[in-house]
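K.L.:
Provided below for reference: sequence and predicted model.
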Amino acid sequence: LRLCQDQKLMTIGSDGAVRGWNLETIDTADAVDDSGLFEIEPMNEIIIGRNVNLYSMVKSSIPETSIWFAQDSNGCIWKLDLSFSNITQDPECLFSFHAGAILGMDVSESSHLMATTALDSSVRVFDFLSKKELTICRFKQGGTTLTWASDMVNTAGGLLVVGFNDGVVRLLELYNTQSLHVVAGRTRSGDAELRLRQALKPHNAPVTAIAYERTRKIMATGSTDSTVFFFTVGERYTPIGFVTVPGPVQGLEWSPQSHEKNTLLIFCQNGHVVEVQCPDPGAQTDGNTFQLSDLPTMHFCFSSIKSRIKVIKEEKKKEREKRLKKLKEQKPDATEEELREEEKEEDEKEEELPPLYIPSPPSPLHCCFYSTPGSFWLSMGSPPLLTFLVITAFMELLPCIVFVNCIADTWGNFLSNVTINGQPEICYLFSMEELPKQHCSKKLHCVSSAYEMEDDAQFWGWGQCGKCVKYLNRIIFSKRIN
């Protein structure tokens, strides 16, 4: 709402319209009934366009001008001529930007083009030499990740793979509207457009990562639904199957050509890192599910050693009490102070370790990549520091089939009727996502995948409501190995 010098009131709104009102008419308005409402028509009106949401407007600093600049919450700056005459210029979009956080960006290997996607549900392609936007494509869901496919995948070099908030992956092809050929090099602004080549729905939560393996024959997608899906690359992408991981996927990294094994490194938001071998493109599932339960897998998990430190302190306390008892037996005539002084000298001989800093919450994982075969680099966010760790110790994931028929909703509860590879086991609940109240049971079935640790075996997977058999629920539990 703006008050102009000519006693005109200007208003803008989310409908993309600018309207001028007679201030004197508003000032002298009087309702004709008890409703308190008085309806008037605007003096002037200009509709900028579809998908325009104006929320701020300023007048040009040039004296005696009718030019205004309006800000669009959808990411545009508009130049408006509000003279409302026969020679009024059409609205002009001066700049166009993303209106939300940019979550995906990649560049072409063969041209000066860059593509971005954001939570404003748009995918944009830029020529970063001319600093111009070539084209924009809008969708109903926000974009969360983007990869510009290599020339080995698409010889024309114009294929974009974009992941979205609803778990959909779209293959978009950049082409020239004049020749209808895929754009490989530079083109003029307005001559390029994005067209949908294929849409896939591998996940039921935001897609967070997309990566092609080193031969470009397989593509992997990761999501916050704790799954990684594999596809064969071709004219039409076909699904191979998926693996479950113990946390929301943060990123994916395939092993380089120099490595003997073709593996995928998956790092999760909760500190877990999983390595899986590249699946066989011709692998067949059992027909009821796409889950690849027998895929060789390795695992690494960052965990707090606070409990271990407490155990060490408790052991030292017991040792100190034993020494004190032994000193009393050796020197029955010694006073309490003499015994404590001698015991203190023994403690000083032991080297004290500095206190361990354990952040709460744990430091997030930002990126991960291979260094040499069997080891990888990991970037952890630890404000205000950024730490790189080289990890070489993987734990082997042992695929197994787990069936659970129990009611368990509290950490540490005993799980009844658990069978692992056909053998009954005694297990305890380690972690479980809460079932919504509208579901009728907390009985879980068909939990699969496992990894062995030194003293425990921990399992994670997906359970189904025992009655309605519709809701999939994630559960982690452990069994003590005697």
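P.N.:
In hand now; what should we look at?

K.L.:
from here on, contacts and neighbour counts on C-alpha atoms
P.N.:
Noted.

K.L.:
hang on, Val276 in a strand?
P.N.:
Yes. Under DSSP: H, G, I helix; E, B strand; the rest coil, Val276 sits within a strand.

K.L.:
any idea how many residues pack against it?
P.N.:
18 (other Cα atoms under 10 Å).

K.L.:
please name the nearest non-neighbouring residue to Met105.
P.N.:
Counting by Cα to Cα, 6 or more residues apart in numbering, Thr116 is the residue found nearest to Met105 once chain neighbours are left out, at 4.3 Å.

K.L.:
what pLDDT does the one you found get?
P.N.:
The predicted local distance difference test score for Thr116 is 95.

K.L.:
how about His366?
P.N.:
According to the per-residue confidence, His366 scores 78 in pLDDT.

K.L.:
how about the one 5 residues further on?
P.N.:
We have a pLDDT of 81 for Ser371.

K.L.:
in which helix or strand would I find the residue nearest to it when sequence neighbours are not counted?
P.N.:
Spatial nearest neighbour of Ser371, chain neighbours left out: Trp377 (6.2 Å); criterion: Cα to Cα, 6+ apart. In this structure, Trp377 is located in strand 376-382 according to DSSP states H and E.

K.L.:
quickly run through the sheet partners of that strand, with directions.
P.N.:
Within its sheet, and counting by DSSP bridges, strand 376-382 is paired with strand 365-370 (antiparallel), strand 385-391 (antiparallel).

K.L.:
quick one: mean pLDDT over that strand.
P.N.:
Confidence over strand 376-382 (mean pLDDT, whole number) is 73.

K.L.:
what stretches of the stretch 351-482 of the chain score poorly on pLDDT?
P.N.:
351-363, 381-482 (pLDDT under 70).

K.L.:
and Gln257, how many neighbours?
P.N.:
11.

K.L.:
excluding its backbone neighbours, what's nearest it?
P.N.:
Arg214 (6.5 Å).

K.L.:
quick one: pLDDT of that neighbour?
P.N.:
In the predicted model, Arg214 carries a pLDDT score of 91.

K.L.:
repeat that for Phe290.
P.N.:
So, for Phe290, pLDDT stands at 85.

K.L.:
can I assume Leu324 sits in a strand?
P.N.:
No. The assignment for Leu324, made by three-state DSSP, is helix rather than a strand.

K.L.:
count of neighbours near it?
P.N.:
Applying other Cα under 10 Å, we find 17 other residues in the vicinity of Leu324.

K.L.:
which strands or helices does the helix or strand containing Tyr175 pack on?
P.N.:
Tyr175 is located in strand 169-176, with elements delineated by DSSP H and E. Contacting strand 169-176 under the criterion 3 or more Cα pairs under 8 Å, 6 or more residues apart in numbering; DSSP states H and E are the following elements: strand 159-164, strand 192-200.

K.L.:
tell me the angle of the first one relative to strand 169-176?
P.N.:
Translated: strand 159-164. 140 degrees (axes from the mean of the first three to the mean of the last three Cα atoms, to 10 degrees).

K.L.:
and the angle for strand 159-164 with strand 192-200?
P.N.:
60 degrees.

K.L.:
OK, contacts around the residue lying closest to Thr145 once chain neighbours are set aside?
P.N.:
The spatially closest residue to Thr145, leaving aside those adjacent along the chain, is Gly104, at 4.2 Å (Cα to Cα, 6+ apart). Contacts for Gly104 (Cα atoms under 8 Å, 6 or more residues apart in numbering) come out as 116-118, 143-147.

K.L.:
can you pick the most crowded of those?
P.N.:
Of all those, Gly143 has the most neighbours under the rule other Cα under 10 Å, reaching 32 neighbours.

K.L.:
against Val169, how distant is it?
P.N.:
10 Å (Cα to Cα, to the nearest Å).

K.L.:
overlap in contacts of those two?
P.N.:
With contacts taken as Cα under 8 Å, 6+ apart, the residues that reach both Gly143 and Val169 are 162-163.

K.L.:
name the SS class of the residue nearest to Thr145, please.
P.N.:
strand.

K.L.:
now do it, the pLDDT please.
P.N.:
94.

K.L.:
bridging residues for it?
P.N.:
On the basis of DSSP bridges, Gly104 takes part in beta bridges with Thr117.

K.L.:
so how far is Val123 from it?
P.N.:
Using Cα to Cα, one obtains 9 Å as the distance from Gly104 to Val123.

K.L.:
tell me, what's touching the two both at once?
P.N.:
116-117, 143.

K.L.:
which of these lies closest to Asn44?
P.N.:
Ranking these by separation from Asn44, with Cα to Cα as the measure, puts Thr117 on top at 37.2 Å.

K.L.:
wait, doesn't the closest one sit right on Ile102?
P.N.:
Yes. At 5.9 Å, Thr117 and Ile102 qualify as touching, with contact defined as Cα atoms under 8 Å.

K.L.:
now for those two: what residues contact both?
P.N.:
Counting by Cα under 8 Å, 6+ apart, nothing touches both Thr117 and Ile102.

K.L.:
so who does the residue nearest to Met105 touch?
P.N.:
102-106, 123-125, 146.

K.L.:
sorry, back to before: winner for burial among the helices and strands packed on strand 169-176?
P.N.:
Among these, the stretch with the highest mean neighbour count (mean count of other Cα atoms under 10 Å) is strand 159-164, at a mean of 26.

K.L.:
contacts for that strand, please.
P.N.:
Outside of strand 159-164, the residues within contact range by Cα under 8 Å, 6+ apart are 117, 141-149, 169-174, 206-210.

K.L.:
cool, stretch 203-211 as well?
P.N.:
Contacts with stretch 203-211, where a contact means Cα under 8 Å, 6+ apart, come from 144-147, 161, 163-169, 219-225, 227, 249-254.
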